[in-house]
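Student: I'd like to go over a predicted model; first the sequence, then the structure.
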Amino acid sequence: MNETPSPTRVPTWAIVSRVAGHYLRNQRGTLALAIFFMAVYALCTAALAWLLGPATKVLFGAGAISAATPDSGLATALFGGGKAIWTLPVAVVVILWTRALAYYVQQSRMDSVGERVVTAAQRDMFHALVRRDLASLNAVHSGTFVSNFLYDATLMRDAISRGVAAVALELVQLVALVAVMLYADWQLMLIGIVAIPGVAWAMGKIGGSIKRTTQRNMEQTGGLSTTITEALDGRRVIKAYGLEDHVTRLAEARLTERLKQLVKLAKRRASAVPVTDVFSGVVSAAVVFYALYQTAHGMIAADQFITFMGAMLLAQQPVRNLSQVYTIASSGMTAADRVFAVIDAKPDIVDAGNAAELVVPHAPAGGGVTFKNVSFAYAADAAVPAVRGVDIVVKPGSKVALVGPSGSGKTTLFNLLLRFYDVDGGAIAIDGHDIRTITLASLRRAMALVTQEPILFDESVAANIALGRPGASRAEIEQAAHDAAAHDFIAALPQGYETRVGEGGLKLSGGQRQRIAIARAMLRNAPILLLDEATSALDTESERQVQEALTRLMKNRTTIVIAHRLSTVADADTLYVLDRGRVVESGSHAELMALGGLYMRLYHHNEAAAAEVKA
Ligand SMILES: Nc1ncnc2c1ncn2[C@@H]1O[C@H](COP(=O)(O)OP(=O)(O)OP(=O)(O)O)[C@@H](O)[C@H]1O
């Protein structure tokens, strides 16, 4: 089973432009507000650096302030004439409070943008997921999808709310601080700029490594989700066979493997700040050296020097944060790539361009099904066709049974009729219409499928029945339940039709679940009924009740039934006996028994097994 749905396929710019164009587009207002407050935050930081000049003047006297300083007029107006003792502290408080408010607004807005983007992406993922072909759903383990949904989407959110937000915030701050540094001394500033290529190169290296480690980590998270879903889905078998230790070992192996990658990732991420510090340390030393040289030669005033150093020290934090942002963004890109891979997966089984809506009347007017020379092989086992040269005719209103040993192709024929897969050769038609020429929705509307293990969702009984025909009235739901011999037990449940059935319908017995599934099929009122071993998992009493319900359900409908217990289909109009993908015999029960072939052997084998069970 493929657990690696998406190696990195798309360039970074394409991912960024897709997030921006598709997901951030309708959040422009919030983004503009956040960016405005980021600018306010940055200006406040720059103002703090600038304030160091006047503060120096106050502390060291007027001689400390450079006459050439362009803002000395403003500084004098605000802080001159002894006012500084009041105005300077007030300015510090006002700037810090404004900065705090700006931080809160921009951060909360950006977080909400991140959450909205992720929810929109999850919505798109789910939409694409449920519309995928069965083949592609089968090819990826459900645990991987769970991890796409929860883990990858969260990394994507972090990249936006902590990554994009921080990039914008820190960049604006950096620009403002650079402006202060330039104003204080442009030559010193040039020395500072020398560090940028070095830091960028180092960050590129670290980011690339983080991307690769994140990719592996995501795959392992998918594997871990798989182990957890399997352990929960198989809980009954695990308990019955005492497999707790076995599955715990599996989970531990996954966790240990994942931990290794997480530790590696943590190391890569943590290396971003020190690497930046190494570069900025060298540059700071060079700046200090040159500044001291200038001071010694009377080329720079004390307030300029202090302002420059203040701005440079304040700039360390944005530079550090930017280096970390790169690591968060790298993970987010990898995650977004995987998320988009899920969203972009297009089903192969789609409506043909000129597909028509098929309306199938109930028998006897319609509902005839024909398989003509049908062949099909699953992609996983392309060399061995699952069915080949199959010819089956199901007349409207008749009951046809598909029988045969395990693996002979019975379920595959259902899969093909429902167009879960397309035939490789031959054709399937309903009332003479090739099913590839009609819309998928109308094709599937014409059929009701009742499976051996009915699928119930953790909703109310009424909601589960209503899935047969969304929008059905309460009276119609109850009528369907009556017809399925389910009304009495439903009425006896604690909240009647409003009782939740539990995960997978676990709060109900097998027979009860089956009758709810039959009620659902009753409500669907489809002209063609597909029964897949509908009674084989039940005890005698439940089977009798379900069988009665099924008999009512089959009235005026074409029925195709897969059966292992041949006694339940002895009354079928025609039985098709499959063996290794081919129809080897067909006819009524009596005809097939008279033939004395595979069917007769299977029948005797069945009878003997049933007698053994009774004994
Ligand atoms: N999703 C799949 N991918 C690959 N091979 C498959 C798949 N499903 C079924 N097969 C193969 O196709 C063949 C027919 O399987 P199918 O499920 O149609 O048999 P069946 O008659 O319904 O068996 P059973 O009575 O045991 O349910 C088998 O060899 C099986 O291994």
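Tutor: Noted; the coordinates are in hand.
Student: Residue 393 sits in which helix or strand?
Tutor: Using DSSP states H and E, residue 393 maps to strand 387-394.
Student: Break down this protein into its strands, ranges please.
Tutor: Along the chain, counting by DSSP state E, strands occupy 369-376, 387-394, 399-403, 425-430, 433-434, 447-450, 528-532, 558-562, 574-579, 582-587.
Student: what's the angle between the third one and strand 574-579?
Tutor: Per axes from the mean of the first three to the mean of the last three CA atoms, to 10 degrees, the angle that strand 399-403 makes with strand 574-579 is 20 degrees.
Student: For strand 399-403, which strands pair with it and how are they oriented?
Tutor: Here strand 399-403 has these sheet partners by DSSP bridges: strand 558-562 (parallel), strand 574-579 (parallel).
Student: Now those in CSV, please, with extra columns for distance to the ligand.
Tutor: C-beta here means a position set from N, CA and C on the backbone, and glycine is covered the same way. CSV is the format used below for these (distance: least, CB to the nearest ligand atom, whole Å):
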stretch, distance to the ligand
strand 558-562, 7
strand 574-579, 6
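Student: how about the strands of the chain in TSV, adding mean pLDDT and mean neighbour count?
Tutor: What follows is the strands of the chain, written out as TSV (pLDDT from 0 to 100; neighbours: other CB atoms under 10 Å):
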stretch	mean pLDDT	mean neighbour count
strand 369-376	97	19
strand 387-394	96	19
strand 399-403	95	23
strand 425-430	96	18
strand 433-434	96	14
strand 447-450	91	22
strand 528-532	92	23
strand 558-562	95	25
strand 574-579	96	22
strand 582-587	96	17
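Student: could these go into a markdown table alongside distance to residue 210?
Tutor: Putting the strands of the chain into a markdown table (distance: least, CB to CB, whole Å) gives the following:
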| stretch | distance to residue 210 |
| --- | --- |
| strand 369-376 | 45 |
| strand 387-394 | 49 |
| strand 399-403 | 54 |
| strand 425-430 | 49 |
| strand 433-434 | 52 |
| strand 447-450 | 47 |
| strand 528-532 | 48 |
| strand 558-562 | 51 |
| strand 574-579 | 54 |
| strand 582-587 | 55 |
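Student: Go through those and name the closest to residue 98.
Tutor: Using CB to CB as the measure, strand 447-450 is the one of the strands of the chain that comes nearest residue 98, at 64.4 Å.
Student: Against which helices or strands is the closest one packed?
Tutor: Other elements packing on strand 447-450 under the criterion 3 or more CB pairs under 8 Å, 6 or more residues apart in numbering; DSSP states H and E are helix 510-524, strand 528-532.
Student: near the ligand, anything from it?
Tutor: No. Shown here: strand 447-450 not in contact with the ligand (CB under 6 Å from any ligand atom), separated by at least 13.7 Å.
Student: how about the strands paired with strand 399-403 in CSV, adding distance to residue 285?
Tutor: Below are the strands paired with strand 399-403 laid out as CSV (distance: least, CB to CB, whole Å):
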stretch, distance to residue 285
strand 558-562, 80
strand 574-579, 82
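Student: Out of the helices and strands packed on strand 447-450, indicate the one that is most buried.
Tutor: Of all the helices and strands packed on strand 447-450, helix 510-524 has the most neighbours on average by mean count of other CB atoms under 10 Å, namely a mean of 26.
Student: Mind listing the strands the strand holding residue 393 pairs with, and their directions?
Tutor: When pairs are called by DSSP bridges, strand 387-394 turns out to pair with strand 369-376 (antiparallel).
Student: Report the distance from the strand it pairs with to the chain centre.
Tutor: 36 Å (CA atoms, centre = their mean, to the nearest Å).
Student: Can you confirm whether that strand lies near the ligand?
Tutor: No. Applying CB under 6 Å from any ligand atom, one finds strand 369-376 separated from the ligand by no less than 8.9 Å.
Student: how about that strand as PDB, C-alpha atoms only?
Tutor: Backbone C-alpha positions of strand 369-376 (Å, rounded to 0.1, in the frame of the first residue of the first chain) are rendered in PDB as follows:
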ATOM      1  CA  VAL A 369     -29.000  -5.400 -16.700                       C
ATOM      2  CA  THR A 370     -26.600  -7.000 -19.200                       C
ATOM      3  CA  PHE A 371     -22.900  -7.800 -19.000                       C
ATOM      4  CA  LYS A 372     -21.600  -8.500 -22.400                       C
ATOM      5  CA  ASN A 373     -18.200 -10.100 -22.800                       C
ATOM      6  CA  VAL A 374     -16.900  -8.200 -19.800                       C
ATOM      7  CA  SER A 375     -13.300  -8.400 -18.800                       C
ATOM      8  CA  PHE A 376     -11.400  -6.500 -16.100                       C
END
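Student: Start at 4, not 1
Tutor: All set: I'll call the first residue 4, so the last point we hit is now strand 372-379.
Student: how about residue 323, what does it touch?
Tutor: Counting by CB atoms under 8 Å, 6 or more residues apart in numbering, residue 323 makes contact with 276, 279-280.
Student: By neighbours, which of the residues you listed wins?
Tutor: Neighbour counts for the contacts of residue 323 (other CB atoms under 10 Å) peak at residue 279, which has 24 neighbours.
Student: That'll do, ta.
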